[in-house]
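> only geometry, no sequence info:
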């Protein structure tokens, strides 16, 4: 879906990086992470910054970029990225059918804005139907083409880090 709207693969990677979570990044680290030339990353960073979608600021001698959460389309782009990653379908299935889910978190690579191909989730709640959870995990893989690993906990153990998607 997203790749039919945005034709630059580098731009898609940057949008996923910056709009899936509150990430920041700088040119050389992004080039290394995406295994692309610094020039192609620079061009796309400049285009996104000129459009107002990214902001930049100096941190020491390094120019850091991050999503502009004040941009009028910030929430729409964030929603499109979320749908592209399949998180909206996963969340809907989890909340509707699994029982007493109190909170759901995305953790791991996706919580850091890295599309590693695996979505890691933590569900907190009691009496969650684990058999049905396994079924949903397989179905979700078929729909979003990403492996889904889910950890179920009766209660949170300390402060959770990641993206709170429900609760």
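Good, I have the coordinates. What you see is a predicted model; the values in this text were computed from it and never measured.

> got the residue ranges for the helices in the protein?
Remark: helices assigned in the chain by DSSP state H are 2-5, 9-19, 27-34, 38-50, 74-85, 87-97, 130-144.

> tabulate those helices (TSV), appending mean neighbour count and mean pLDDT.
Glycine gets a C-beta too; all of them are placed from N, C-alpha and C. Shown next, in TSV, are those (neighbours: other Cβ atoms under 10 Å; pLDDT from 0 to 100):
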stretch	mean neighbour count	mean pLDDT
helix 2-5	10	49
helix 9-19	21	85
helix 27-34	15	90
helix 38-50	16	94
helix 74-85	16	81
helix 87-97	16	67
helix 130-144	14	78
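
> in contact with the residue most central in space within the chain, which residues?
Closest to where the C-alpha atoms of the chain average out (Cα atoms, centre = their mean) is residue 20, at 3.4 Å. Contacts here follow Cβ atoms under 8 Å, 6 or more residues apart in numbering; on that basis residue 20 touches 78, 81-82, 85, 110, 113.

> please name the nearest non-neighbouring residue to residue 36.
Nearest residue to residue 36, sequence neighbours excluded (Cβ to Cβ, 6 or more residues apart in numbering): residue 10, at 5.9 Å.

> just flag the most distant two among the contacts of residue 20.
In the contacts of residue 20, two members sit farther apart than any others by Cβ to Cβ. They are 78 and 110, at 13.6 Å.

> and stretch 117-124, average pLDDT?
Here stretch 117-124 scores 86 as its mean pLDDT.

> how far does it sit from the chain's center?
How far stretch 117-124 lies from its chain's middle: 11 Å, per Cα atoms, centre = their mean, to the nearest Å.
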